[in-house]
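S.K.: Turn this into a model:
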Amino acid sequence: MAEDERLERGRELARHYMGDETIARWRAISPDLEELTSAFGFADVWSRPALGMRDRAMIAVAITATLRAHPQLAWHARGALRAGLSPDELRETVITVAGLAGFPAAWSAMEIVEDVLAEGGGPA
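M.R.: Model prediction:
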């Protein structure tokens with residue numbers, strides 16, 4: 001696959017999962033990092049066949065919650081809803097973080113998730 005095709009395939013998958021506004025924001029902040037995220041993160045990693053988008057979304061929510069990467073957690077919470085997680089499944093993913101990464105990480109994450117849910121952060 002040509003590099004341009006790979007990048008565009010990654011961007012399309014990222015748009016589907018994150019939404020147009022997130023990809024535009026990435027590009028405005030750092031065009032280079034947006035290209036790396038789209039090409040490697042989405043075209044190479046997120047498109048691998050063994051896990052579906054829903055599973056990857058749940059993993060991304062758990063990891064960004066554990067890392068307390070709050071802006072990225074909000075992106076992934078919205079993406080998880082687009083990928084088919086219900087609000088209750090999204091909350092349960094965060095609750096699971098409490099047992100593995102601690103209650104402070106889970107509480108911080110739950111605040112972000114509840115904000116996303118309150119704004120109607122699911123599919124458009």
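
S.K.: residues in contact with Leu51?
M.R.: Ile59 (C-beta atoms under 8 Å, 6 or more residues apart in numbering). To be clear about C-beta, it is placed using only N, CA and C from the backbone, and glycine gets the same treatment.

S.K.: Can you tell me which helix or strand of this structure has the lowest average pLDDT?
M.R.: helix 20-29 (a mean of 90; mean pLDDT, DSSP states H and E).

S.K.: Now do the helices in the protein.
M.R.: 3-18, 20-29, 31-36, 53-67, 70-82, 87-101, 103-118 (DSSP state H).

S.K.: Quick check: mean pLDDT of the first one?
M.R.: Looking at helix 3-18 alone, the average pLDDT works out to 92.

S.K.: Which pLDDT value goes with the residue nearest the centre of the chain?
M.R.: In the chain, the centroid-proximal residue (C-alpha atoms, centre = their mean) is His76; its distance is 2.4 Å. The model reports His76 with a pLDDT of 96.

S.K.: Same question for Pro123.
M.R.: 52.

S.K.: repeat for Gln72
M.R.: For Gln72, the predicted pLDDT is 95.

S.K.: Good, we can wrap up now.
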